[in-house]
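Chemist: generate coordinates for the sequence data below:
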Amino acid sequence: MTTRFGAAVLRSYDTPFTVEEVALREGPADGEVLVRIAGCGMCRTDLAVRSSAGRTPLPAVLGHEGAGVVVETGGPDTGLNTGDHVVLSFDSCGHCHNCMGGKPAYCDSFASLNLFGGRKAGAARFTDAAGGELAPRWFGQSSFAEYAMVRARNAVRVDPSLPVELLGPLGCGFLTGAGAVLNSFGVGPGDSIAVFGAGAVGLAAVMAATAAGAVTVAVDRHPERLATAERLRAIPLHASTAGLPDRIRRLTGGGTQYALDTTGSPELINDALQALRPTGNLGLVARIHTPLPLRPGSLDRGRKLSHICEGDAVPGLLIPRLTALWQTGLFPFDQLIRTYPLADINKAERDCEAGRVVKPVLIP
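Modeler: Numbers count the residues shown, from 1 in each chain. The predicted structure follows:
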């Protein structure tokens, strides 16, 4: 069986996406499901492929915040049925030490499965219309497309009454920000947190912190994003505020217990450390590609600095929690989304890079 469908293909690191016909030869293997994509978020990680120094093989279909409806299952043990609505998340092996310990975001094979080639088994069955091979599944999905073949392990069943076309970002960007707050930090009522960077990940963290009952400060350079953070009940502060750490300490009664940096800016990372109270914890979600100089006194008095991947999430546990918060009005992620037809993927990329949209979602 061959399934032919439209997908956005990136053929080189410096050219636009092209929406073209691709083909999946063979149906789902054991443990796989075929999903008709209803919507897919565009994430900064997708766009970072352009500067990946060739480590991500091309041509490829990117996209790793997909959601849709199961149309076919492979084998008896997927735990999913035709017609199920699912959100797709990152890939993991399922059997290494960290996967077995409930930490799939730290899978021993995370980089190879998600970033640098994907699963090798059956890779040749995914081709363009002329039969040319496309790179194996990006983040286990390749969901800038009308269909995606995924491991059932990557798919989380959700309530079919929810707007499935908008749910994809819960599989990565929103999961990362909210998970950092709810899982990595365990923020609760009366805690305080400063979030540096009010993009999709940062605003998800703001929403989760507000839902948890924390005092939240949001720091960004863009007034419109600070205005969004304020609507989500955070205290907005411009990143260029004079004496930023002192200002945060005054607003939070001596400093925050937690800080989350989504920017990767050494200047803001140092500000975040200095805004912490003693024993405070700063989490980084951005990859740091250059040396990170620390100001004297930034990392002392029990303050901690750590990297957080995918919000320390088990997607099958966190995604239902986030949809439940949305249903009660406590996690209004839909306010951050603008939808685009898949055919307008290049416009969505330009708007994302220019900061005109927080979270683009592509509708096949």
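Chemist: give the contact list for N154.
Modeler: Counting by C-beta atoms under 8 Å, 6 or more residues apart in numbering, N154 makes contact with L88, S89, F90, D91, G140, Q141, P315. (Each C-beta comes from the backbone N, C-alpha and C, glycine too.)
Chemist: let's go with 10 Å and repeat that
Modeler: Listed by C-beta atoms under 10 Å, 6 or more residues apart in numbering, the contact partners of N154 are 32-33, 35, 64, 66, 86-92, 104, 113, 137, 139-141, 148, 171, 315-316.
Chemist: any idea how far it is from V86?
Modeler: 9 Å (C-beta to C-beta, to the nearest Å).
Chemist: overlap in contacts, those two.
Modeler: Joint contacts of N154 and V86 (C-beta under 10 Å, 6+ apart) are V33, V35, G66, G171.
Chemist: in space, what's closest to L167 - neighbours in sequence excluded?
Modeler: A67 (4.3 Å; C-beta to C-beta, 6 or more residues apart in numbering).
Chemist: please apply the same query to E165.
Modeler: E165 sits nearest to G39 (C-beta to C-beta, 6+ apart), 3.5 Å away.
Chemist: and for that neighbour, the neighbour number?
Modeler: G39 is flanked by 24 other residues according to other C-beta atoms under 10 Å.
Chemist: that one: what secondary structure?
Modeler: Per DSSP: H, G, I helix; E, B strand; the rest coil, the local secondary structure of G39 is strand.
Chemist: you'd agree it is up against A348?
Modeler: No - using C-beta atoms under 10 Å, G39 makes no contact with A348, being 11.8 Å away.
Chemist: the spatially closest residue to D108 that is not a sequence neighbour: how many residues sit nearby?
Modeler: Closest residue in space to D108, ignoring its immediate chain neighbours: C96 at 4.0 Å, by C-beta to C-beta, 6+ apart. For C96, the count of nearby residues is 16 (other C-beta under 10 Å).
Chemist: next one: the one 4 residues further on
Modeler: Neighbourhood size, M100 [other C-beta under 10 Å]: 11.
Chemist: again with S52
Modeler: 14.
Chemist: quick check: it touching L62?
Modeler: No - at 11.0 Å, S52 does not count as touching L62 under the criterion of C-beta under 10 Å.
Chemist: thinking again about what came up before, any idea how far the residue nearest to E165 is from G54?
Modeler: Counting by C-beta to C-beta - G39 and G54 are separated by 30 Å.
Chemist: and F5, by the same measure?
Modeler: 28 Å.
Chemist: let me know the pLDDT of the residue nearest to E165.
Modeler: pLDDT for G39: 98.
Chemist: also R25?
Modeler: 90.
Chemist: same deal with G54?
Modeler: So G54 comes in at 70 (pLDDT).
Chemist: that older thread, more crowded one of F5 and G54?
Modeler: F5 (15 against 8).
Chemist: ok so that one is a strand residue?
Modeler: Yes - assessed by three-state DSSP, F5 belongs to a strand.
Chemist: skip the chain neighbours and tell me the closest residue to L330.
Modeler: L330 sits nearest to A211 (C-beta to C-beta, 6+ apart), 4.0 Å away.
Chemist: give me the phi and psi for that neighbour.
Modeler: For A211, the backbone dihedrals (degrees, to the nearest 10) come out as phi -60, psi -30.
Chemist: I'd like the distance between it and G63.
Modeler: 28 Å.
Chemist: compare the two (neighbour count), which wins?
Modeler: Between A211 and G63, counted using other C-beta under 10 Å, the more crowded position is G63 (27 against 23).
Chemist: okay, the more buried one: pLDDT?
Modeler: pLDDT at G63 comes out at 97.
Chemist: buried stuff in stretch 79-94?
Modeler: Neighbour-count burial for stretch 79-94, counted by 16 or more other C-beta atoms under 10 Å, picks out L80, D84, H85, V86, V87, L88, S89, F90, D91, S92, C93.
Chemist: same deal with stretch 290-298?
Modeler: S298.
Chemist: what do you get for stretch 172-184?
Modeler: Neighbour-count burial for stretch 172-184 [16+ other C-beta under 10 Å]: 172-184.
Chemist: would TSV of the residues you listed with distance to T216, secondary structure and pLDDT be doable?
Modeler: As requested, the buried residues of stretch 172-184 are arranged in TSV below (distance: C-beta to C-beta, whole Å; DSSP: H, G, I helix; E, B strand; the rest coil; pLDDT from 0 to 100):
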residue	distance to T216	secondary structure	pLDDT
C172	22	coil	97
G173	18	helix	97
F174	16	helix	98
L175	18	helix	98
T176	17	helix	98
G177	12	helix	98
A178	13	helix	98
G179	16	helix	98
A180	13	helix	98
V181	9	helix	98
L182	13	helix	98
N183	17	helix	97
S184	15	helix	98
